[in-house]
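[1] The following comprises the amino acid sequence and a computationally predicted model.
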Amino acid sequence: MPWSVEPPFDMPHARTVRVAGRGEFFIRDTAGSGPVVMLLHGWMASADLNWCAAYGDLVRAGYRVLAIDHRGHGRGMRPLERFRLADCAADAAAVLRHLSLAPALVAGYSMGGAIAQLVGRDHPDVASGLVLSGTAQHWQDPETRRVWRAMGAMGMFLSLAPRASWRIGFKRVGLPDIQRTAWVQSEMMRHSASDLAEAGRELGRFDSRPWLGAVQVPTAVVITTRDEAVPVYKQRELAAACSAQVFEAPIRHLEIVTRYELYNPQLLAALEALREPRAAATASPQAA
């Protein structure tokens, strides 16, 4: 029997938003009249892969949720120019302006957190608050830079043998090649290999240390305290640099979906803190 590629959660309505002079964007949109949250996903993910376990809790909390697929990821646009994080930030801002939904809360995970920082710097008019999670100001340390140097080889292997490459990658991070991962693998096949590789190199070049402290948008940080991909000390440095309110979720980097019962309450608390800053907590009772 063929493996099912049915997603593990109900997904919000999908729509294509066309912004004149910029292009077409794949968006998840829950609609409604609640406060708007724009979700920005991480590297090698998509809106659904990153946020599928959060959509329902956010809607039940009263939010209107928008989630965009970034360039070269999932169903995102495939422009002719090279991948740039600043362009992804401009895309998200353009969609919010086009839909007359700015300013909104903007939440970014991992690479999406870097993009959210750029939204705050370059497009502060569209953001009433930023939630940065599982992310950092930079990836300039020597051990991380060695990873980025391999991005070119990764792009070549994904282009030549995408299915085999993803299966090898899944095994290396402990995900079995069985039915419950079929949807994830099918979604990752939507990516552009060359854009993924360039996005990895872009992350290696990203450094918000010279300017993040000057961003005036209120910010909260959700630290993933068992993160093996983005060191916790870097996440804490980020929070200190932008004078952010801090919340803690005891998960690893890739557990945002599989342990959503630990992550989502902290995401909701961070969003609520930005809506009601005077009532905000500075730490989570679940912190590890």
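    Noted; the coordinates are in hand. Residues are numbered from 1 along each chain as shown.
[2] Give me the three-state assignment for Leu96.
    Here Leu96 is recorded as helix under DSSP: H, G, I helix; E, B strand; the rest coil.
[3] That one reaches Asp125, doesn't it?
    No - taking contacts as CB atoms under 8 Å, Leu96 lies outside contact range of Asp125: 9.3 Å. C-beta: built from backbone N, CA, C; applies to glycine.
[4] Nearest spatial neighbour of Ala114, chain-adjacent residues omitted?
    Phe206 (5.1 Å; CB to CB, 6 or more residues apart in numbering).
[5] That neighbour: how many residues sit nearby?
    20 (other CB atoms under 10 Å).
[6] How much space separates it from Asp10?
    34 Å (CB to CB, to the nearest Å).
[7] And Val17, by the same measure?
    Taken as CB to CB, the span from Val17 to Asp10 is 21 Å.
[8] More neighbours: the two, which one.
    Val17 (19 against 8).
[9] what about that one, helix or strand, and which?
    strand 13-19 (DSSP states H and E).
[10] now Ala89
    Ala89 belongs to helix 85-98, assigned by DSSP H and E.
[11] The helix or strand following that helix - contacts with which helices or strands?
    Once the chain leaves helix 85-98, the next helix or strand it forms, by DSSP H and E, is strand 104-109. Secondary-structure packing of strand 104-109 (3 or more CB pairs under 8 Å, 6 or more residues apart in numbering; DSSP states H and E): strand 36-40, helix 111-122, strand 127-133, helix 260-275.
[12] give me that answer again for 10 Å
    strand 36-40, helix 47-51, strand 64-68, helix 85-98, helix 111-122, strand 127-133, strand 219-224, helix 260-275 (3 or more CB pairs under 10 Å, 6 or more residues apart in numbering; DSSP states H and E).
[13] buried ones in stretch 64-78?
    Within stretch 64-78, the residues that count as buried by 16 or more other CB atoms under 10 Å are 64-77.
[14] Reformat the residues you listed as CSV; add distance to Gly113.
    What follows is those, written out as CSV (distance: CB to CB, whole Å):
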residue, distance to Gly113
Arg64, 21
Val65, 17
Leu66, 17
Ala67, 15
Ile68, 14
Asp69, 17
His70, 12
Arg71, 17
Gly72, 18
His73, 15
Gly74, 18
Arg75, 21
Gly76, 17
Met77, 21
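[15] Run through this structure and note the low-pLDDT ranges.
    1-4, 144-180, 277-288 (pLDDT under 70).
[16] okay, now the nearest residue to His98 once chain neighbours are set aside: neighbour count?
    Nearest residue to His98, sequence neighbours excluded (CB to CB, 6+ apart): Val19, at 4.9 Å. Residues within reach of Val19, counting by other CB under 10 Å, total 16.
[17] dump the residue contacts of the residue nearest to Ala114.
    85-86, 111, 114-115, 117-118, 135-140 (CB atoms under 10 Å, 6 or more residues apart in numbering).
[18] Among Leu96 and Asp125, which residue is more densely surrounded?
    Neighbours of Leu96 and Asp125, each counted by other CB under 10 Å, are more numerous for Leu96; the result is 24 against 12.
[19] mind checking how far the more buried one is from Gly213?
    Counting by CB to CB, the gap from Leu96 to Gly213 is 24 Å.
[20] for Phe9, same thing?
    Taken as CB to CB, the span from Phe9 to Gly213 is 37 Å.
[21] Then Ser243?
    8 Å.
[22] With Asp125 instead?
    Asp125 is 20 Å from Gly213, by CB to CB.
[23] Now do the shared contacts for Leu96 and Asp125.
    102-103.
[24] nearest spatial neighbour of the residue nearest the centre of the chain, skipping sequence neighbours?
    Nearest to the geometric centre of the chain sits His41, at 2.2 Å (CA atoms, centre = their mean). The shortest distance from His41 to any non-neighbouring residue, by CB to CB, 6+ apart, is to Asn50 (3.6 Å).
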